[in-house]
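Asker: I'd like to go over a predicted model; first the sequence, then the structure.
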Amino acid sequence: MERTERIEEEIKKVASKVIGQELKDPRLTGLISVTKVSITRDLKYCKIYVSMLGTKDIQEAMLALKSGSGLVRKAIGDNIRMHSTPEVIFEFDNSLEYGAHIQNVINELNIQHDEENEDE
């Protein structure tokens, strides 16, 4: 495993813990998961991709994460030995929502198919 991949995995663990346990912003509702972390080669910036299930206002939740990015960055610096701590950028990852949508479409098609077969 490459060094950057190891660092990304460690950042993912730290960020997940901070978001789940330490950020107390009321705009953060529902289940927020860190799905992926991508760090630049120079280790100056890291994008933390998050998905949200049951979150009422995704825009507000993203603003809350942005305002808590300093706390996340501090936790990364405290827990991972690196020359300098990367700047944290949060990105919304809608892949879980998209997957749930596709599953619903498949379920609806199966129900329609079953109903059509019953009519025959």
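Answerer: Thanks, I have the structure now. Remember, it's a predicted structure, so these values are computed and weren't measured experimentally. Residues are numbered from 1 along each chain as shown.
Asker: How confident is the prediction for residue 69, by pLDDT?
Answerer: We have a pLDDT of 95 for residue 69.
Asker: Quick one: residues contacting it.
Answerer: 88-90 (Cβ atoms under 8 Å, 6 or more residues apart in numbering). (Glycine included, C-beta is placed from N, CA and C.)
Asker: Just the buried ones out of the residues you listed, please.
Answerer: For the contacts of residue 69, a burial check counting by 16 or more other Cβ atoms under 10 Å picks out 88, 90.
Asker: Low-confidence regions, this structure specifically.
Answerer: 1, 119-120 (pLDDT under 70).
Asker: tell me the secondary structure for the residue nearest the centre of it?
Answerer: With distances taken as Cα atoms, centre = their mean, residue 50 lies nearest the centre of the chain, 1.5 Å away. For residue 50, the assignment made with DSSP: H, G, I helix; E, B strand; the rest coil gives strand.
Asker: is it true that it touches residue 88?
Answerer: No - taking contacts as Cβ atoms under 8 Å, residue 50 lies outside contact range of residue 88: 11.3 Å.
Asker: burial of the closest residue to residue 45 other than its chain neighbours, as a residue count?
Answerer: Leaving aside its chain neighbours, residue 45 sits nearest to residue 87 (4.9 Å; criterion: Cβ to Cβ, 6 or more residues apart in numbering). Look at residue 87: counted by other Cβ atoms under 10 Å, it has 12 neighbours.
Asker: now swap in residue 26 and tell me
Answerer: 7.
Asker: secondary structure class for it?
Answerer: Under three-state DSSP, residue 26 comes out as coil.
Asker: Give me the distance between it and residue 67.
Answerer: 12 Å (Cβ to Cβ, to the nearest Å).
Asker: And for residue 39?
Answerer: Distance, residue 39 to residue 67, by Cβ to Cβ: 21 Å.
Asker: After the strand or helix carrying residue 63, which helix or strand is next? Please name it.
Answerer: Taking DSSP states H and E as the definition, one finds residue 63 inside helix 58-67. Moving toward the C-terminus from helix 58-67, the next helix or strand (DSSP H and E) is helix 69-79.
Asker: and the angle for that next one with helix 58-67?
Answerer: 50 degrees (axes from the mean of the first three to the mean of the last three Cα atoms, to 10 degrees).
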